[in-house]
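Engineer: What shape does this take:
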Amino acid sequence: MTDGTDGTTGGLFPQVAAAVGVGTGDLPAYDPRHDLEAARERARAEAATERREDVAMVVDVDAGGVPCRLYLPADAHAGVVVHLHGGGFVFHDVEVHDASARRLANRTRAAVLSVDYRRPPEHPFPAAPDDVDAVVRWLAGGADGHDLAGPAYVHGDSAGGNLALVAALRNPGFFAAVALVYPFLDPTASFDSYRDAVGFDPREAAWYWEQYAGTPENLENPDLAPLRSTRLGTLPPTLVVSAEADPLRDEAEELARRMAAAGVAVTATRYLGQVHGFWRHPDAFDAAEPLMRQVAGFLLLHGGLGD
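Structural biologist: Numbers count the residues shown, from 1 in each chain. Reported below is the predicted structural model:
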């Protein structure tokens, strides 16, 4: 991997290079000494220090047996954005993504439903996509009286981008638009960006996939590895975002090309000088807020929010 100074990634922006340096020396997840529960708790503690915007109403709900957090901004448009958090399928939860979900609700001026899906290794595939399907059924059935009538949209970052894409593929016609931020798609880690970008290396990616898949056979399942899907043409208008110095860059961009070839109205954007994870940290990365607004604007334009 490189920091981009040899030109292979075009060079990290200075603030990005500084942020990457902060995490240098952390024990990788694949190291046998890595403490999974301690890492989860550390992520929650770090997230608790983040600035959190006020939202008109925030309430925890049971969405068809799946715990979720519902964010309702003032003067909300009709409809709901289903948000699926990242974290390699293994890490993070609605608490870690609380600040991001608040920003998403305020920028879209729509309800945001953040899904606390089950995670591996305790709950391997297909627990997470099955949980999202249960949430879709809950919304389709009236959401237990919550005022969420109107179009539904789905958004996810990293592993959450995988789950958002799979949700749209498994529930064709339900979502009006899809927004994917550097989605985690390819268990083979075979694209060139794994060799010329900054971030988790193939060993860490393989560890995430191993925890999520549960069995080697599942690594070939299109509901786990959606680049294998033959149903990409069923998708609604979709935004696919990649980061230049992200190991996942090429698989996201390949997804966008395949979707376009299948006739999907796809918009694909590469953020120069950025690394995996930047979307969630507006205080550290100047590009985070413009990306949040791009996601909101895409949903406004293609999903009909505000019409």
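Engineer: List the buried residues of the helix or strand of the chain with the lowest mean pLDDT.
Structural biologist: Every helix and strand of the chain was ranked by mean pLDDT, DSSP states H and E. The lowest is helix 14-22, at a mean of 83. Using 16 or more other Cβ atoms under 10 Å as the test for burial, helix 14-22 gives 16, 17, 19, 20. In this view, the C-beta of every residue, glycine as well, is placed from N, C-alpha and C.
Engineer: With distance to residue 31 added, can I get those residues in TSV?
Structural biologist: Shown next, in TSV, are those (distance: Cβ to Cβ, whole Å):
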residue	distance to residue 31
16	25
17	24
19	22
20	19
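Engineer: Would you state the helices of the stretch 51-200 of the chain in chain order?
Structural biologist: Remark: helices assigned in the stretch 51-200 of the chain by DSSP state H, counting those that start in this stretch are 98-108, 127-140, 159-170, 193-196.
Engineer: out of these, which comes closest to residue 86?
Structural biologist: Counting by Cβ to Cβ, residue 86 lies closest to helix 159-170 out of these; the figure is 4.5 Å.
Engineer: now the closest one against helix 127-140, angle please.
Structural biologist: Orientation check (axes from the mean of the first three to the mean of the last three Cα atoms, to 10 degrees): helix 159-170 against helix 127-140 gives 60 degrees.
Engineer: mean confidence for helix 159-170?
Structural biologist: Computed over helix 159-170, the mean pLDDT rounds to 98.
Engineer: helices or strands next to it in the packing?
Structural biologist: On a contact count with 3 or more Cβ pairs under 8 Å, 6 or more residues apart in numbering; DSSP states H and E, helix 159-170 meets strand 80-84, helix 127-140, strand 152-157, strand 175-181.
Engineer: among these, which is nearest residue 218?
Structural biologist: Closest to residue 218 of the helices and strands packed on helix 159-170 is helix 127-140 (Cβ to Cβ; 11.2 Å).
Engineer: buried residues in the closest one?
Structural biologist: So helix 127-140, judged by 16+ other Cβ under 10 Å, has buried residues 127, 128, 129, 131, 132, 133, 134, 135, 136, 138, 139.
Engineer: now, among those, which is nearest to residue 114?
Structural biologist: Comparing those against residue 114 with Cβ to Cβ places residue 135 closest, at 10.3 Å.
Engineer: can the helices and strands packed on helix 159-170 go into a markdown table with extra columns for distance to residue 52?
Structural biologist: Listed next are the helices and strands packed on helix 159-170 as a markdown table, based on distance: least, Cβ to Cβ, whole Å:
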| stretch | distance to residue 52 |
| --- | --- |
| strand 80-84 | 15 |
| helix 127-140 | 23 |
| strand 152-157 | 18 |
| strand 175-181 | 20 |
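Engineer: residues contacting residue 184?
Structural biologist: Contact partners of residue 184, counting by Cβ atoms under 8 Å, 6 or more residues apart in numbering, are 86, 88, 89, 158, 159, 161, 162, 205, 208, 248, 251.
Engineer: how about CSV for these, with distance to residue 240 and neighbour count added?
Structural biologist: Below are the contacts of residue 184 laid out as CSV (distance: Cβ to Cβ, whole Å; neighbours: other Cβ atoms under 10 Å):
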residue, distance to residue 240, neighbour count
86, 15, 26
88, 19, 20
89, 19, 28
158, 13, 27
159, 15, 26
161, 8, 28
162, 12, 28
205, 19, 22
208, 20, 22
248, 11, 26
251, 10, 24
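Engineer: Out of these, which comes closest to residue 225?
Structural biologist: So of the contacts of residue 184, ranked by how close each gets to residue 225 (Cβ to Cβ), first place is residue 162, at 8.5 Å.
Engineer: Wait, the closest one touches residue 228, no?
Structural biologist: No. Using Cβ atoms under 8 Å, residue 162 makes no contact with residue 228, being 12.0 Å away.
Engineer: tell me the strands in the chain, going along the chain?
Structural biologist: 57-63, 66-72, 80-84, 111-115, 152-157, 175-181, 238-243, 266-271 (DSSP state E).
Engineer: any chance of the ones you listed in a markdown table, with mean neighbour count too?
Structural biologist: Shown next, in a markdown table, are the strands of the chain (neighbours: other Cβ atoms under 10 Å):
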| stretch | mean neighbour count |
| --- | --- |
| strand 57-63 | 15 |
| strand 66-72 | 21 |
| strand 80-84 | 28 |
| strand 111-115 | 27 |
| strand 152-157 | 29 |
| strand 175-181 | 26 |
| strand 238-243 | 26 |
| strand 266-271 | 19 |
